[in-house]
Structure formats: C-alpha cells, structure tokens
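Student: Structure for the following, please:
(one chain, ligands or ions: 1)
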Amino acid sequence: MSILGKFDISGRSALITGAASGIGLAYAEAMAEGGASVTLTDIDGEGAEREAARLRSEGFDARADRLDVADREATARVFDAHAAAFGGLDICFANAGIDPGAGFWNPAGHRNPDGQVDTFDPARWDRTISINLTGVYNTIREAVRLMKAGGKGGSIIATASNAGLVTEPIVGMAYMPAKAGVLHMVRALGLELAEFRIRVNAIAPGPFVTNIGGGWLKHDPVARKAWDAIVPLGSVAETDQLKPLALLLASDASDYMTGSHVVIDGGMMLGKFE
Ligand code: NAI
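Tutor: As a prediction, this is how the structure comes out:
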C-alpha cells in the first residue's frame, strides 16, 4: 500500500465526543475529510446537530446525538445508535472535557483565593473528574464493546493535555490529575487491547483556540499575548492544526502505535529561553 493509502479511512466510521466545538469538531471534520462516516456527539445536542448538518451540506456522511459522557447508560445508547447507523465502529475520539475554573495562580501573578487545594469548591473536583476522567473511561468502554464485536480492531484516541504531563498553576487542580489519569489509562489499555488489534493512543495538546473556559483565548487579548509569548513556535494554535495528527492516529498510518501519546504544543513544554 502507498504511504498516502495508509491514511485513507474511507468506508470506516468514527464517533467523537465533545464534537460541537473546538478540538472535537476539528477531529470530526478531519475524519469526514479522510472519508469516514461520522457521529458528532456533545452535551450540546443542538450544536452537534448544527455541525453535522453543515458537514452533510458539504457532502459528507454525518449524524449527531446528544451525549453527556458522565452518563454511562446514555453513552451505551448513543454508541448503539452509531453502530446501527453505520454497521459498527472503527474509530473513536474520547475528547469531551471541561475547564475546572481557576488554579491557585492567576496570570497577574497572584494567588487565587478560591483556586487553592483547601479553598476551591470540591464540587468542581467531582464534576471535572466525572467528565475529564470517568467520561473518557465511559466512552472507551463502549467503543471497545463495539470494536470487539466487530472483530476488525479499531483506533481509540483520547484528548489528554500537556497539563497531564507538567504542572500548570493557572489551571484548576482537578484538571491535571484527570489528564494524567487519561494518559495512564491509554498506556494500560494499549497493553490490554493489543490482542484485539484495538489501538489506544492520546493526543496531548498545548494551547489551542477553542471555546473552553468560555473561550478566553478568543476574547482576552492580554491572555492571548501572554500565551503567545511562552510558545517557542510563536503563538497558540488553531484547531485545524490538529487535523493531520488526528488522521495519523485514526488511520493505518499509525498501525504500530499503541499506548502512546503525542504532544502538540508548539514546543511549549520545552521551555523558552528568551
Ligand atoms: P470546547 O469547549 O471548545 O469543546 C468542548 C466540547 O465538549 C463542547 O462542545 C462542550 O459542549 C462539550 N462537553 C462539555 N461537557 C461535556 C460532557 N459532559 N459530555 C459531552 N460533551 C461535553 O473545548 P476544547 O478546547 O475543544 O476541549 C476539547 C478537549 O481538549 C478537552 O478534553 C480539553 O480538556 C482538551 N484540551 C484543550 C486544550 C486547549 O487549549 N483548548 C489544551 C489541552 C487539552
């Protein structure tokens, strides 16, 4: 097979969580452009349907379902609906995630009174873990069920974060252990599922312009400038820049990768020396 042929995912189907916006939407567009049939799922069901309708109007095969990944029973139902529509499941992005609110430190250089381990509302911890960690487990669990039933293997990709690898004081604390948990879940499941040719990998993004946390990278020029300044490649990223990596991990082009993660952060984790 030619190198480019290994990236061809036509005839396959993909389900993406958190696909009404940001990184999940970019994954959905990448899968559709790569030739797959896609289900966009999101807690914002109207947003998912709006984006699926747009993809259909552009000639792609897309459907949508409302899904809160913290709801295990609903997750099973939505995966079953995908399989009924497309005859199985080949690719799954466990992507939905939230920002837990302020960390202990803010960009102005002060400690946040309500962002410290002994002061933040524990409900923020519970909600963040239920979506950013347990929601990924709920998603992968259903994907594996369908992929095992299909008997053809598959590719599962979780969205982690560079905050799962290094500490980020402005990020609310529950976010980091959740993302570190996702990265280690991917390693553990890469081993467990290799026998079934189900590959499990993670993407660890740095700062991308999305709607997370109210979309502050879009709306706050001061924060945007501060983040641009700490990225060695010069700026925060647009979600289109994630699409080639998504296609690599979803397709046979990565058929020898499992239990792995790829950092895509403009070099941010390398530190900056000027
Ligand atoms: P976004 O806010 O633009 O998109 C997230 C989507 O997930 C939204 O459409 C939202 O409605 C949906 N969602 C929220 N809670 C949900 C739930 N319980 N069930 C299903 N869907 C739900 O944010 P973004 O940035 O695209 O985030 C996607 C993933 O990327 C998250 O896991 C986030 O932690 C991760 N990430 C984002 C980075 C960034 O700089 N934007 C950096 C590193 C990781």
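Student: Write out the residues of the stretch 51-200 of the chain neighbouring the ligand.
Tutor: Within the stretch 51-200 of the chain, the positions near the ligand by Cβ under 6 Å from any ligand atom are 67-70, 95-98, 131, 135, 159, 161. Using the backbone N, CA and C atoms, a C-beta is placed for each residue, glycine as well.
Student: C-terminal to the strand or helix carrying S155, what's the next element?
Tutor: Element membership for S155, per DSSP states H and E: strand 154-159. Going down the chain from strand 154-159, the next helix or strand is helix 175-193, by DSSP H and E.
Student: Quick one: list the elements packing against that next one.
Tutor: helix 122-132, helix 134-150, strand 154-159, strand 198-205 (3 or more Cβ pairs under 8 Å, 6 or more residues apart in numbering; DSSP states H and E).
Student: rerun at 6 Å
Tutor: helix 122-132, strand 198-205 (3 or more Cβ pairs under 6 Å, 6 or more residues apart in numbering; DSSP states H and E).
Student: contacting residues around it?
Tutor: Contacts with helix 175-193, where a contact means Cβ atoms under 6 Å, 6 or more residues apart in numbering, come from 100, 128-129, 132-133, 136, 158, 160-161, 163-164, 200, 202, 258-259, 261.
Student: And the furthest pair within the residues you listed?
Tutor: P100 and T258 (29.2 Å; Cβ to Cβ).
Student: Settle it for me: which of those two has more neighbours?
Tutor: P100 (24 against 21; other Cβ atoms under 10 Å).
Student: List the residues that contact the nearest residue to the more buried one once chain neighbours are set aside.
Tutor: Excluding its sequence neighbours, the residue lying closest to P100 (Cβ to Cβ, 6 or more residues apart in numbering) is G172, at 3.3 Å. G172 is in contact with 100-103, counting by Cβ under 6 Å, 6+ apart.
Student: can you check R66 too?
Tutor: Here R66 is in contact with G45 (Cβ under 6 Å, 6+ apart).
Student: mind checking pLDDT for it?
Tutor: Here, the pLDDT recorded for R66 equals 98.
Student: now it, which residues is it bridged with?
Tutor: When bridges are called by DSSP bridges, R66 pairs up with D42.
Student: Show residues contacting the helix or strand harbouring R56.
Tutor: Element membership for R56 (DSSP H and E) is helix 45-57. Residues outside helix 45-57 that contact it (Cβ under 6 Å, 6+ apart) are 19-20, 25, 32, 40-42, 62-64, 66.
Student: Neighbours of the closest residue to the ligand within the stretch 51-200 of the chain, how many?
Tutor: In the stretch 51-200 of the chain, the residue that lies nearest the ligand is G97 (2.2 Å; Cβ to the nearest ligand atom). A count of neighbours around G97, defined by other Cβ under 10 Å, yields 27.
Student: ok, now E238?
Tutor: Applying other Cβ under 10 Å, I find that E238 has 11 neighbouring residues.
Student: swap in the one 10 residues further on?
Tutor: Other residues near L248 come to 19 when the count uses other Cβ under 10 Å.
Student: Make sure it is actually in contact with S254.
Tutor: Yes. If you go by Cβ atoms under 6 Å, L248 and S254 touch, sitting 5.3 Å apart.
Student: Please tell me how far stretch 83-93 is from the chain's geometric centre.
Tutor: 17 Å (Cα atoms, centre = their mean, to the nearest Å).
Student: Likewise for stretch 174-182?
Tutor: 13 Å.
Student: pLDDT of it, averaged?
Tutor: On average, stretch 174-182 scores 98.
Student: low pLDDT regions in the stretch 151-274 of the chain?
Tutor: Scanning the stretch 151-274 of the chain for pLDDT under 70 picks out 274.
Student: Let me have the contacts of G172 in CSV, adding distance to I9 as columns.
Tutor: What follows is these, written out as CSV (distance: Cβ to Cβ, whole Å):
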residue, distance to I9
P100, 33
G101, 37
A102, 39
G103, 38
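Student: Derive a PyMOL selection command for the buried subset of these.
Tutor: The following PyMOL line selects those of the contacts of G172 that are buried, judged by 16 or more other Cβ atoms under 10 Å:
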select buried, resi 100+101+102+103
